[in-house]
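In: I would like the atomic coordinates for the input below:
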Amino acid sequence: MSANVPELLDAWRMVAARRRFEGRVPLSALARLQGLVADAEGECSYALEFGRDEVLRVAYVELTIDTALPLVCQRSMQRFLLPVNMVQRLGLVHDEEEEQALPPDYEALLVPEDGSLRPLDLVEDELVMAVPVVPVAPGSEAVERDFSATSEELGKANPFAALAALKKQ
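Out: Alright, predicted model coming up:
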């Protein structure tokens, strides 16, 4: 992690001070991401900008992430890099009632009573959610083929034939 980003922040103080942090973290340092990616090569650049919406008076942290996740294409079984460039605005809330008052373009982030926030946890959460359920490399061709039964498979006895015989009785 970059030296200028603290491991733990007080979210409410950062909002009041309108602080901005920029950092880089190796993908190998993000433990929850490890089971989802092909390997841990590469790093992630990120920025956290704290502020308060002037019109709605909503405290927020804007998270910007720029990286490429190494994944395995499920069509070709080859490694590829999925570019992840995102900007996410998280509305800081104390409880679930405040969450309902957030504008539609804000994601809610429930902040504990003491205001403590781990920047790397936010980055890792967003990267975990950016991994597709079924990774497919851009430009890979879909396998479109009909797999018809072989004569051997057709020659095997039908498992429901015994039921048909019982029905005739």
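
In: and the closest residue to residue 103 other than its chain neighbours, how far from residue 105?
Out: Once flanking residues are discounted, residue 103 sits nearest to residue 56: 6.2 Å by C-beta to C-beta, 6 or more residues apart in numbering. Heads up, the C-betas are built off the backbone N, CA and C, glycines and all. The gap separating residue 56 from residue 105 is 11 Å, by C-beta to C-beta, to the nearest Å.

In: ok, back up a step: need phi/psi at the residue nearest to residue 103.
Out: Note on residue 56: backbone dihedrals following degrees, to the nearest 10 are phi -90, psi -10.

In: can you pull the pLDDT of it?
Out: Residue 56 is assigned a pLDDT of 78 by the prediction.

In: and for it, the neighbour number?
Out: When counting by other C-beta atoms under 10 Å, one arrives at 13 neighbours for residue 56.

In: ok, residue 29 next?
Out: When neighbours are counted by other C-beta under 10 Å, residue 29 registers 15.

In: ok, now how distant is it from residue 23?
Out: Shown here: residue 29 relative to residue 23, a distance of 11 Å by C-beta to C-beta.

In: can you check residue 107 too?
Out: Residue 107 sits 20 Å away from residue 23, going by C-beta to C-beta.

In: neighbour-wise, which of the two wins?
Out: residue 23 (18 against 13).

In: residue nearest the centroid of this protein?
Out: With distances taken as C-alpha atoms, centre = their mean, the residue of the chain nearest its centroid is residue 129 (1.3 Å).

In: so who does that one touch?
Out: Contact analysis of residue 129 by C-beta atoms under 8 Å, 6 or more residues apart in numbering lists nothing.

In: let's see it at 10 Å
Out: Applying C-beta atoms under 10 Å, 6 or more residues apart in numbering to residue 129 gives the contacts 86, 88.

In: please apply the same query to residue 63.
Out: Contacts for residue 63 (C-beta under 10 Å, 6+ apart) come out as 46-49, 86-90, 107, 109, 119, 122-123, 125-126.
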